[in-house]
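1. Need a 3D model of the following:
(3 chains)
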Amino acid sequence: MTLVDATVVAGYTVGDFLLLAAAGFVVLAIGMLYRAVKGPTMQDRVLAVNVLGTNTVVILAILAAALSEPTFLDIALVYALLNFLMAIAISKFTVERGGVL
Amino acid sequence: MIETLGTLGTVRVGLIVAFTLLGLFFSFVSMVGVLRLPDVYSRAHTASQADTLGAGFGLAAVALAVGWEGAGFKSVLLLFFIFVTNPTAAHAISRAAFEEGIVPWTEGDDRR
Amino acid sequence: MWWVADADDAGGPVTNDAGGPVTNDAGPTPRSTVVVPVEPSPTLRATVSHVAEAAADGEFDAIHFVEIASWRDGDPGSDDRSAEARRVLERVSAWAEADLDDADGDTGDDVTVVSALIGADEYLFGPEDYVEVLAEYAGEHGADTVVLDPEYTPVGNTTLLQPLEFALSNTSLSVRTAPVGRPTRPERLRSEATGVRFAAMFGLSLAFYFVLGDPLYWFDWVTGVATATIVSITLSRISFDADPAIPRTPQRLVRGAIYVPVLLYEIVVANLVVARVILDPRLPIDPTLNRVRVIVGSGLPLMTLANSITLTPGTLTVRARDSDLYVHSLLPWAREGLFDGSLERWTRFVYYGRSAARLPTPRERDDHAILQGPDATEELPIAAADGGATGDDAGPEAAADAESGTGDEGVTDA
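-> As a prediction, this is how the structure comes out:
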């Protein structure tokens, strides 16, 4: 894990940089939360939550690299699967007759 | 400390930084799109595309950072998975909207 | 009265009935002869009924069912295939006779039903070859109409149907597709269970398991084999449309590997364009819904194309209905790119090789329409658009959609 400890600029390592990037993704996710709360339609909310989920996956993966915790990647994988399932399931069950996909 | 990495390591660090910044940029575009665009269909555009690319760059940076052992392979797998599922999910959502009878916004429509 | 003609007989359909094919009285209205290419398909029965009904109503006075041989006489196994084809033809003719007998129309009795196996003396490659054989046969028998079974798949190649329609429309024959319902989705999603599919699914899931686990640890072998078995039992019938075959599957993988960098490049370039539009304070967007008819076949190729379209910014596949894709576009630029059909071309290249990639684009085929805005050429197929009912009161459009079962994207990617 020497790469993560390598310096990028002014004494900050790649690990620090990745942590900062993760924080940036969190801020973006909070922005997305506005759409999830406001709507106005059910599909808007599902969409926003889906994007939020993708962001979460990226945050988890970045944390796995920054903190040298490879198991986080497994959690990210499961989260990605669940995220996809959530989008499909809600799309299917909010529509009459459920003819989606 | 960067001297001990050699040229290849320096390039890799540079790529990690570049990919992360690109990922952040496209995720930012995606967020702006989801907040600004007028209806669910056009929001689905940025949600599926800009965000997929953003996540792709982010995960590519992670794959570079953790190296080509088991963990790196997992993040490549994750990248591939997101590239397949994200557009499919966006399609399912927009299709659900279509089946509910939501008319796509066009120029001159006042709902925003 | 019907005949099963032999393709080997030089003189076309041989009659063994005193009257011969010219038994009909010369009616007041000139009725025509119709040619129906047949293949065993889920909608064959309904197509036959449709043609028989039209004939009983006086539209046709002779129905020719033809099976176009994809093999050549003298090939290994060609006898079996000819025999099988004749059985299909006999069955189809019997159906048509029964339908004509049941029909009330007074003309139902004079309709001639002929069946023939054609094209077995040469190899047929593209849709043009099929059309040539078909047109030749139609010319010999004075037929001027062709009715196609919507599920007609010569050589089991679904991409051939639309090029076939397209090529037929260039001949003097009038073409139409029988308006018959397709089987519902659950039947289409499930395919046959075969050993090859099971083995492929098993191998794939085991490989995936070992990517996540450790192939050198014995416990992972036990759990991996158990998981892979369960997955293959439950999913091998859903995940594969056809058996993975040795030259075809690796070829597709290689061509797919060529496609991925191209797609990535397109995604990045188009993303930059859309990013500029979205970050522009004026937000200069002009979204419309469009319809595009694509020639890629159903199942995995259609999913690949729909997902590629969605991934390329500015276009989003809203619905895949048979081979009509309803695509929402954000910018006129993206819409034009869609109609130019480069992604469609690439998808055909990946799945069917270079020759299929050269088929005409949607713009050349005129298989596209804008459904919204000032340039709209077609109406929006949505209940709310014409002030109709929405939500729980599904309109006729929605009901038809439920029947037609547009589950093409449901095929998993394994």
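2. For the host helix or strand of residue C:257, buried residues please.
-> Using DSSP states H and E, residue C:257 maps to helix C:248-279. The neighbour-count check on helix C:248-279 (16 or more other Cβ atoms under 10 Å in any protein chain shown) flags C:252, C:255-256, C:259, C:263, C:266-267, C:270-271, C:274-275, C:277-278 as buried. Using the backbone N, CA and C atoms, a C-beta is placed for each residue, glycine as well.
3. Check stretch B:11-29 too.
-> Applying a neighbour-count criterion of 16+ other Cβ under 10 Å, the buried positions in stretch B:11-29 are B:12-13, B:16-17, B:19-20, B:22-29.
4. Just the CA atoms of it, as CSV, please.
-> Provided in CSV are the C-alpha atoms of stretch B:11-29 (Å, rounded to 0.1, in the frame of the first residue of the first chain):
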residue,chain,number,x,y,z
VAL,B,11,2.3,8.5,-13.8
ARG,B,12,0.0,6.3,-11.8
VAL,B,13,-0.4,8.9,-9.1
GLY,B,14,-1.0,11.5,-11.7
LEU,B,15,-3.7,9.3,-13.4
ILE,B,16,-5.4,8.7,-10.0
VAL,B,17,-5.6,12.4,-9.3
ALA,B,18,-6.8,13.1,-12.9
PHE,B,19,-9.4,10.4,-12.8
THR,B,20,-10.7,11.4,-9.4
LEU,B,21,-11.1,15.0,-10.5
LEU,B,22,-12.9,14.0,-13.8
GLY,B,23,-15.2,11.7,-11.7
LEU,B,24,-16.0,14.6,-9.4
PHE,B,25,-16.6,16.9,-12.4
PHE,B,26,-19.0,14.5,-14.2
SER,B,27,-20.8,13.7,-10.9
PHE,B,28,-21.2,17.4,-10.4
VAL,B,29,-22.7,17.8,-13.9
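5. Okay, now the unreliable bits of the chain?
-> As the question left the chain open, I've gone with chain A. A:1-11, A:95-101 (pLDDT under 70).
6. Chain B, not that one
-> Residue ranges of chain B with pLDDT under 70: B:1-5, B:69-70, B:107-112.
7. residue ranges for the helices of it, please.
-> Counting by DSSP state H, chain B has these helices, from start to end: B:6-36, B:40-48, B:50-66, B:70-99.
8. Same check on the stretch 1-150 of chain C?
-> C:44-56, C:78-102, C:127-140 (DSSP state H, counting those that start in this stretch).
9. possible to save these as JSON lines with mean neighbour count, distance to chain A and mean pLDDT?
-> Converted to JSON lines, the helices of the stretch 1-150 of chain C look like this (neighbours: other Cβ atoms under 10 Å in any protein chain shown; distance: least, Cβ to the nearest Cβ, whole Å; pLDDT from 0 to 100):
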{"stretch": "helix C:44-56", "mean neighbour count": "22", "distance to chain A": "21", "mean pLDDT": "81"}
{"stretch": "helix C:78-102", "mean neighbour count": "16", "distance to chain A": "31", "mean pLDDT": "81"}
{"stretch": "helix C:127-140", "mean neighbour count": "19", "distance to chain A": "30", "mean pLDDT": "80"}
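10. Tabulate the ones you listed (CSV), appending distance to residue B:103.
-> What follows is the helices of the stretch 1-150 of chain C, written out as CSV (distance: least, Cβ to Cβ, whole Å):
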stretch, distance to residue B:103
helix C:44-56, 34
helix C:78-102, 43
helix C:127-140, 38
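11. Of the helices of chain B, flag the one that's most buried.
-> Among the helices of chain B, helix B:40-48 has the highest mean neighbour count (mean count of other Cβ atoms under 10 Å in any protein chain shown), at a mean of 29.
12. Contacts for that one next, please.
-> Defining contact as Cβ atoms under 8 Å, 6 or more residues apart in numbering or on different chains, one finds that helix B:40-48 is touched by A:35, A:41, A:43-44, A:47-48, A:50-51, B:29-30, B:32-34, B:37, B:86-87, B:89-91, B:93-94, B:97, B:102, B:104-105, C:274, C:278, C:285, C:287, C:289, C:310-311, C:313-316, C:318, C:328, C:330.
13. near chain A too, which of the buried residues of stretch B:11-29?
-> Applying Cβ under 8 Å from any Cβ of the partner chain to the buried residues of stretch B:11-29, one finds that B:12, B:13, B:16, B:17, B:20, B:23, B:24, B:27, B:28 fall near chain A.
14. nearest to chain C, of these?
-> Looking at those and their distance to chain C, the nearest is residue B:28, at 8.8 Å (Cβ to the nearest Cβ).
15. Contacts only, for the closest one.
-> If you count contacts by Cβ under 8 Å, 6+ apart, residue B:28 has them with A:28, B:54.
16. how close does it sit to residue C:63?
-> 64 Å (Cβ to Cβ, to the nearest Å).
17. give the contact list for whichever residue of the stretch 201-350 of chain C sits closest to chain B.
-> Closest contact between the stretch 201-350 of chain C and chain B, by Cβ to the nearest Cβ, is at residue C:310 (3.6 Å). Contacts for residue C:310 (Cβ under 8 Å, 6+ apart) come out as B:48, B:49, B:87, B:88, B:90, B:91, C:316, C:317.
18. hang on, isn't the third one packed against residue B:52?
-> Yes - with contacts counted by Cβ atoms under 8 Å, residue B:87 reaches residue B:52, the gap being 7.0 Å.
19. shared neighbours of the two, which are they?
-> Counting by Cβ under 8 Å, 6+ apart, the shared contacts of residue B:87 and residue B:52 are residue C:311.
20. mind showing which ranges of the stretch 151-300 of chain C have poor pLDDT?
-> Counting by pLDDT under 70, the stretch 151-300 of chain C has low-confidence residues at C:153-163, C:181-193, C:241-243, C:246, C:298.
21. for it, what spans make up the strands?
-> C:174-177, C:288-293 (DSSP state E, counting those that start in this stretch).
22. next helix or strand past the last one?
-> Elements were assigned by DSSP H and E; along the chain past strand C:288-293, the next helix or strand is helix C:300-311.
23. before we move on, back to that, so which of the ones next to chain A among the buried residues of stretch B:11-29 comes closest to residue B:67?
-> Distances from residue B:67 to these, taken as Cβ to Cβ, are shortest for residue B:12 (9.1 Å).
24. Starting from chain C, give me the distance back to the residue lying closest to the closest one once chain neighbours are set aside.
-> Closest residue to residue B:12 apart from its sequence neighbours, by Cβ to Cβ, 6 or more residues apart in numbering or on different chains: residue B:64 at 5.7 Å. Using Cβ to the nearest Cβ, to the nearest Å, we find residue B:64 at a distance of 16 Å from chain C.
25. Surely residue B:64 touches residue B:18?
-> No - judged on Cβ under 8 Å, residue B:64 makes no contact with residue B:18 at a distance of 10.0 Å.
26. got the CA coordinates for stretch B:55-74 in PDB?
-> C-alpha atoms of stretch B:55-74 as PDB (Å, rounded to 0.1, in the frame of the first residue of the first chain):
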ATOM      1  CA  ALA B  55     -18.700   6.800 -11.300                       C
ATOM      2  CA  GLY B  56     -16.600   5.200 -14.000                       C
ATOM      3  CA  PHE B  57     -13.700   7.600 -13.600                       C
ATOM      4  CA  GLY B  58     -14.000   7.400  -9.800                       C
ATOM      5  CA  LEU B  59     -13.800   3.600  -9.900                       C
ATOM      6  CA  ALA B  60     -11.000   3.600 -12.400                       C
ATOM      7  CA  ALA B  61      -9.000   5.800 -10.000                       C
ATOM      8  CA  VAL B  62      -9.700   3.300  -7.200                       C
ATOM      9  CA  ALA B  63      -8.600   0.400  -9.400                       C
ATOM     10  CA  LEU B  64      -5.300   2.200 -10.100                       C
ATOM     11  CA  ALA B  65      -4.800   3.000  -6.400                       C
ATOM     12  CA  VAL B  66      -5.400  -0.500  -5.100                       C
ATOM     13  CA  GLY B  67      -3.400  -2.200  -7.800                       C
ATOM     14  CA  TRP B  68      -4.000  -5.200  -9.900                       C
ATOM     15  CA  GLU B  69      -4.600  -7.800  -7.100                       C
ATOM     16  CA  GLY B  70      -7.900  -9.100  -6.000                       C
ATOM     17  CA  ALA B  71      -9.200  -5.700  -4.900                       C
ATOM     18  CA  GLY B  72      -8.400  -4.000  -8.200                       C
ATOM     19  CA  PHE B  73     -10.200  -6.600 -10.100                       C
ATOM     20  CA  LYS B  74     -13.200  -6.100  -7.900                       C
END
